[in-house]
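# Based on what follows, work out the 3D shape:
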Amino acid sequence: MYQHPYTPMVLAIMVCGLIFGLHMLPAVDSMLNENNLKISHHFLRSQIDYHAELPPFARRPLTTLLMYGFIGLLGLKAGYAFIFVNFSLLALSGYLLYRLSLTLKASRRQAIINMLMYFGSFSILFAFFPPVFTYDEPLQYCFLFIALNYYFSGNRFRFVLFFSLALIARETSILLLPALLYLENRRVKWLSASIFIKRNYLVFTPVLFYTIYLAIFMYANNLFGDASTEMTRRWSCFLENFESEKNILESVVSIHFTLSFFALITLFPKKKKHQFSNLVIAFWITALINTPIVILSAFARESRLFALPLLFIWPIFAQFFYPSLVQNWKNFLSRPLSYKTFMATLFVLCFFGNYYFCYKIYSDFGLGDNNFFTEYLFLLNFLILILVLLSFTKKSTGAYFFLS
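Residues are numbered from 1 along each chain as shown. Just a heads-up that it's a prediction; the model follows:
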């Protein structure tokens, strides 16, 4: 089954069909249906027009152009165009992640597991629920997965092309640049400025292309005067993230939804040096840069904004994490009965604490209404609890990625 060439693409389409079905359930309030079984053509049209007209979004024209293209050429209603474009790109991004996983030495089975983990991530599974509000990300991920595939394959010219397109699709792609510079120079202790530029010019080239594109776009649309207004609006986002207890909880849980599980698994491998150590460091570099920027300049409740670092973890998930998980489970089973009893007792106490937090504290703030966020939070905490308890069976401890 895993060996059939069409299996990954068919599976990606099927999973995206299930995600679409989740968004269309009458009991939920998504961007697609607004609490009923009918597609919200009017609302989705307003979203397309909004992204075409407002300057911060208009400079990311590719997704919007695709939607207008299907509306104009095929006469589709706005809602159908929005759904067809984004879910097609979502399925394609999953398949491209599968291909990237193979490039990073995953077996076909491991690559499929990585793809399924991608689709099960909060920002993908609930992509079109408020307040996630996904729009450009599926296309951005497609370009980035292609670009990274070419980067690790050594085809730097095509990397430049597709990373440039990723920047135009969504300019936050530039936040991967420090991690790419680390990967490019990880074996070099010191470089002069001139040698550094010569060594890394291919990594900087997409930024140069994007700068030229952005200057032309802003000049053609007379948008240079809007920059200060945009910065003021972004400062108001930071204030809103922390203006009340509800907003603080929503912001913190948004980061937790997106990053906590994947950050935790980077601590699992027993070996301080691992074949994927550099990609783990790339993940942490991007997370430590991207997370504060999102908190300071955007609505933290939009969980998709925190997901950018995961582009370095999704393609190595199975081959990186699974062997350590199996070993920790074997270590746990080899422990004496008294140890297992203590862990079982601790697990039960934490289980009820998790239930109280999710279904009492989180729900009482109204954050889990008309969606499945509460259930996802409960399962996420449950899984993290198991991983933490299993981690106590390790013979050695330490955040190895800081020691690489």
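
# Mind checking the pLDDT average for the helix or strand Ser88 falls within?
In this structure, Ser88 sits in helix 78-103 according to DSSP states H and E. On average, the pLDDT along helix 78-103 is 97.

# Repeat that for stretch 51-67.
Averaged across stretch 51-67, the pLDDT comes to 91.

# which helices and strands sit right next to the one helix or strand Val207 maps to?
Using DSSP H and E, Val207 maps to helix 193-220. Counting contacts by 3 or more Cβ pairs under 8 Å, 6 or more residues apart in numbering; DSSP states H and E, helix 193-220 packs against helix 156-169, helix 177-185. (Each C-beta comes from the backbone N, C-alpha and C, glycine too.)

# Spatially central residue for this structure, please.
Ala307 (2.8 Å; Cα atoms, centre = their mean).

# Which residue, other than its chain neighbours, is closest to it?
Ser123 (4.4 Å; Cβ to Cβ, 6 or more residues apart in numbering).

# Report the residue spans of the stretch 301-404 of the chain with pLDDT below the cut-off.
393-404 (pLDDT under 70).

# Do you have the strands of it handy? List them.
Using DSSP state E, counting those that start in this stretch, no strands are found in the stretch 301-404 of the chain.

# Quick check: which of the helices and strands packed on helix 193-220 is nearest to Asn221?
When those are compared by Cβ to Cβ, helix 156-169 sits nearest Asn221, at 14.7 Å.

# Mind jotting down where the strands sit in the stretch 1-150 of the chain?
Under DSSP E, counting those that start in this stretch, the stretch 1-150 of the chain gives no strands.

# now the helices for it?
In the stretch 1-150 of the chain, the helices defined using DSSP state H, counting those that start in this stretch lie at 7-23, 41-53, 55-58, 62-74, 78-103, 108-120, 122-125, 137-153.

# do the same with the stretch 251-400 of the chain
Using DSSP H, counting those that start in this stretch, helices in the stretch 251-400 of the chain cover 261-265, 277-297, 317-334, 337-356, 363-364, 373-391.

# in the helix holding Val207, what counts as buried?
Of all the residues in helix 193-220, those buried under the rule 16 or more other Cβ atoms under 10 Å are Phe196, Asn200, Val203, Thr205, Pro206, Phe209, Tyr210, Phe217, Met218.

# Also stretch 370-379?
Asn371, Phe372, Phe373, Tyr376, Leu377, Phe378.

# for stretch 37-45, same thing?
Quick answer for stretch 37-45 (16+ other Cβ under 10 Å): Ile39, Ser40, Leu44, Arg45.

# correct me, but the last one touches Ala78?
Put plainly, it is Arg45. Yes. Counting by Cβ atoms under 8 Å, Ala78 is a contact partner of Arg45 at 3.5 Å.

# Which among the helices of the stretch 251-400 of the chain is found nearest to Val10?
helix 317-334 (19.3 Å).

# tell me the angle of the closest one relative to helix 78-103?
Counting by axes from the mean of the first three to the mean of the last three Cα atoms, to 10 degrees, helix 317-334 lies at 70 degrees to helix 78-103.

# Helix 317-334: which residues count as buried?
Phe317, Ala318, Gln319, Phe320, Phe321, Ser324, Gln327, Asn328, Phe332.

# name the helices or strands packed onto that helix?
Against helix 317-334 (3+ Cβ pairs under 8 Å, 6+ apart) you get helix 108-120, helix 261-265, helix 373-391.

# Can I get it in CSV, CA atoms only?
Written as CSV, here are the backbone C-alpha positions of helix 317-334 (Å, rounded to 0.1, in the frame of the first residue of the first chain):
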residue,chain,number,x,y,z
PHE,A,317,8.7,13.9,12.6
ALA,A,318,8.5,10.1,12.2
GLN,A,319,12.2,9.4,11.6
PHE,A,320,13.2,11.7,14.4
PHE,A,321,10.7,10.9,17.1
TYR,A,322,9.4,7.4,16.7
PRO,A,323,12.6,5.5,17.6
SER,A,324,13.0,7.5,20.8
LEU,A,325,9.3,6.9,21.7
VAL,A,326,9.6,3.2,21.3
GLN,A,327,12.8,3.1,23.4
ASN,A,328,11.2,5.1,26.2
TRP,A,329,8.2,2.9,26.2
LYS,A,330,10.4,-0.2,26.5
ASN,A,331,12.3,1.5,29.4
PHE,A,332,9.0,2.2,31.1
LEU,A,333,7.9,-1.4,30.8
SER,A,334,11.2,-2.6,32.3
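
# distance between it and the chain's centre?
24 Å (Cα atoms, centre = their mean, to the nearest Å).

# now swap in stretch 363-378 and tell me
With Cα atoms, centre = their mean, you get 20 Å for stretch 363-378.

# ok, of the helices and strands packed on helix 193-220, where does mean pLDDT dip lowest?
Note on these: lowest mean pLDDT is at helix 177-185, with a mean of 92.

# Next, the angle helix 277-297 makes with that helix.
Taking the same axes, to 10 degrees, one finds helix 177-185 and helix 277-297 inclined to each other by 160 degrees.

# residues making contact with helix 177-185?
Helix 177-185 has contacts (Cβ atoms under 8 Å, 6 or more residues apart in numbering) with 151, 191, 196, 199-200, 203-204, 207, 278-279, 281-283, 285-286, 289, 312.

# which residues sit in contact with Ala298?
Counting by Cβ under 8 Å, 6+ apart, Ala298 has contacts Arg234, Cys237, Leu305.

# can you rerun that using 6 Å?
By Cβ atoms under 6 Å, 6 or more residues apart in numbering, the residues touching Ala298 are Cys237, Leu305.

# And the pLDDT for it?
According to the prediction, Ala298 has pLDDT 91.

# same question, Pro269
Model confidence at Pro269, given as pLDDT, is 62.

# Name the stretch among the helices and strands packed on helix 193-220 that sits most buried.
Scoring the helices and strands packed on helix 193-220 by mean neighbour count under mean count of other Cβ atoms under 10 Å gives helix 156-169 as the most buried, with a mean of 21.
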